[in-house]
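Chemist: Quick check, what structure comes out for this input:
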Amino acid sequence: MEAQQILASVKSREDVFIPQETLYGPFDVTLLVKDGIARAHKNILSKSSTFFARMLNSYMREGIEGEVRFETLSKANLGDVLEFIYTGSVDVLSEDHAKELITIADYMLIQQLKSLGGRFLAKKLNVYNCISTYYFAKRSQCKELFSDTWNFIVRNFTAVAKTTEFLDLTAEDVEIWISCDEINVSTEEDVFKILLTWIDHDKSERKKCFQSLFKHIRLPYVTCDYLHRDIVTNDLVRGNGGCLDLVEHTKNYDTLSVSPRKSLEIPVILVSVQKFEDRLLYYFPHDNTWCKLRDTSPLSDQVISCHGKLYFLSKREYKLLRYDSFSNRWTSLSYKGGRDIQQLFVRNDDEIYAFASENPASCPECVALRSRGTEDSAVERSLCGKHVSYIMKYKPETDFWEEISSFDVGSREGICIVAKDSFIYFVGGKRSNMPLKDADRYDLSRSKWDKIPDMQRARQWAYGAAAYERLFITDNGRSHQEERTCEVYLETTNEWQFIASLRIPRTRQGCMMCVDGKLYVLSDYVWSVSGTRGKIECYDPDKNEWREQTEIPIKRVMYPWYLLNSCSMRVFKGTLPSVTTPL
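Modeler: Purely as a prediction, here's the structure:
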């Protein structure tokens, strides 16, 4: 019989685990509890936790005398701890028993025992006990249980908010929950109703903190009917000037900084088609449906999304426009004077950056080159070779561009830029019309450039995205007969690897993006006969294959020219048409 099986079978008549002296040598530690004692081995206890290691292998009294006292611990509790330390397992009999084990494990720094009790409690979660379990996990620093209960509460928030446990929470705790982005509600009105129910549970005392809690109701996302019928007429709102001011300020969408709850948003792919059929379209990957956002859109070279708003960059007109679909408003933003914004990119879904360069029009040498008939800006940079490039960060609160870094890319053009975590990757491009394999990155946290391995293939018109904790890059190929290869950069191994090639042949334009955790590529199908459409493909990382997801519902005429831009975003459900059927 194995040692673990022998140990597991040796218990006293009180069903308390007792270690065996013969298997591990003589006992050298005595453990005293309020109703008994137990003997154990110093080396076994020390390996189990830093609590015992520091105590027993030092000049502390316990280490010198070989005796440890636990005045509040029972013999049964100690037996459970020793059973886990010596065998790696212990039977968890009830929720109260699990909490006892977690509390003891937290004190003795036995993480594995804490996790065992946490997994037991996670299986017992329901709307009536999740609040108390959450705060117990928080106090005990039980990370797995804390995460499990938090996820359970936000998923079932409307039901949880009706329970006695929630209604008994303090104002400070309620504020944390109703200010949370992740709580799952059907409408923003639900949060206001939940607040009123909590106030009514002890109205005479709780009405004092109504204003501080009311500010967390995201009023712009409440319907106008409900706002005027139920919120403005509510006694608590009408009797509070600060609350009435908040209601009035919801009319000023230009100062709106709060986003909708995530449960009230839906992930979409925005497609901007310009020339002949100028329009903005939404594609809903979950439902495989399309809807039209606008009949016209501004002529632009790039479109990005941040905080649910669209940003249109026109390099030819030196313009940057922002469109808020919620308020249906356009805003003209600052465009850095004397510099050309080459690309916009978004980091972590909430920060806008730009890759910019000095404007050749302000360079005397480039002006001289132009006077001799050199019109192309790429050629100007190639011949002049003195234009500094910049990484800039946009500050929406002040409409100002902050310079992050300046550097020299020489005559390198057409660089693909992707932001992932604290890194900004600069990949591919061309120099003297020769495609490049070059790959570099700028670390925002260290303000430092790093050279990473070159790609396996030179890519002149590359585009990419971060997904599945990796960096994906593809391009439009060099000829329409070529496969559209795709490769991925792995930070853990610091190398590039080829993955499955895209299914659609070479196209003139393309975009890659991550939408709700999945990777998509949008392509403009230019090598086919009249009447064909662009495509959207989706990558399956488990099968390492691309599949065709849908067609872009814009019919082509023979050899048309138009711009096709795209980005991913999350939009407030309240701004969508009531019916979203294919166009």
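Chemist: From now on I want contacts and neighbour counts done on CA atoms only, so please keep to that.
Modeler: Noted.
Chemist: can you give me the strands for the stretch 51-200 of the chain?
Modeler: Shown for the stretch 51-200 of the chain, the strands assigned by DSSP state E, counting those that start in this stretch span residues 67-70.
Chemist: so what are the domain limits for the chain?
Modeler: Using automatic domain parsing, the domain parsing of the chain gives 3-151, 157-251, 262-575.
Chemist: mean confidence for the first one?
Modeler: Just to be clear, that refers to domain 3-151. For domain 3-151, mean pLDDT is 84.
Chemist: Check the second one too.
Modeler: Throughout domain 157-251, pLDDT has a mean value of 93.
Chemist: Same question for the longest one.
Modeler: On average, the pLDDT along domain 262-575 is 83.
Chemist: What's the end-to-end length of that domain?
Modeler: Terminal residues of domain 262-575 lie 14 Å apart, using C-alpha to C-alpha, to the nearest Å.
Chemist: chain center to it, what's the gap?
Modeler: Centroid displacement of domain 262-575 relative to its chain, using C-alpha atoms, centre = their mean, to the nearest Å, is 20 Å.
Chemist: Let's check: the centremost residue of this structure is which one?
Modeler: Asn348 (6.6 Å; C-alpha atoms, centre = their mean).
Chemist: List the contacts of it.
Modeler: Ala419, Lys420, Asp421 (C-alpha atoms under 8 Å, 6 or more residues apart in numbering).
Chemist: So among those residues, which ones count as buried?
Modeler: Buried members of the contacts of Asn348, scored by 16 or more other C-alpha atoms under 10 Å, are Ala419, Lys420.
Chemist: quick check, nearest of the contacts of Asn348 to Ile64?
Modeler: Nearest to Ile64 out of the contacts of Asn348 is Asp421 (C-alpha to C-alpha; 49.6 Å).
Chemist: Give the pairing partners of the particular helix or strand that has Pro267 in it; include direction for each.
Modeler: Secondary structure assigned from DSSP states H and E places Pro267 in strand 265-274. Looking at strand 265-274 with DSSP bridges, its partner strands are strand 279-284 (antiparallel), strand 563-572 (antiparallel).
Chemist: ok, the closest residue to Phe572 other than its chain neighbours to Glu182 distance?
Modeler: Leaving aside its sequence neighbours, Phe572 sits nearest to Glu265 (C-alpha to C-alpha, 6 or more residues apart in numbering; 4.5 Å). Separation of Glu265 from Glu182 (C-alpha to C-alpha): 11 Å.
Chemist: Kindly report the same for Pro26.
Modeler: For Pro26, the distance to Glu182 (C-alpha to C-alpha) stands at 55 Å.
Chemist: okay, those two: which has more neighbours?
Modeler: Per other C-alpha atoms under 10 Å, whichever of Pro26 and Glu182 has more neighbours is Glu182, with 19 against 12.
Chemist: isn't that one right next to Leu264, touching?
Modeler: No: judged on C-alpha atoms under 8 Å, Glu182 makes no contact with Leu264 at a distance of 9.7 Å.
Chemist: Export the strands paired with strand 265-274 to JSON lines and append columns for distance to Gln302 and mean neighbour count.
Modeler: Supplementary listing: those in JSON lines, determined by distance: least, C-alpha to C-alpha, whole Å; neighbours: other C-alpha atoms under 10 Å:
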{"stretch": "strand 279-284", "distance to Gln302": "13", "mean neighbour count": "21"}
{"stretch": "strand 563-572", "distance to Gln302": "6", "mean neighbour count": "22"}
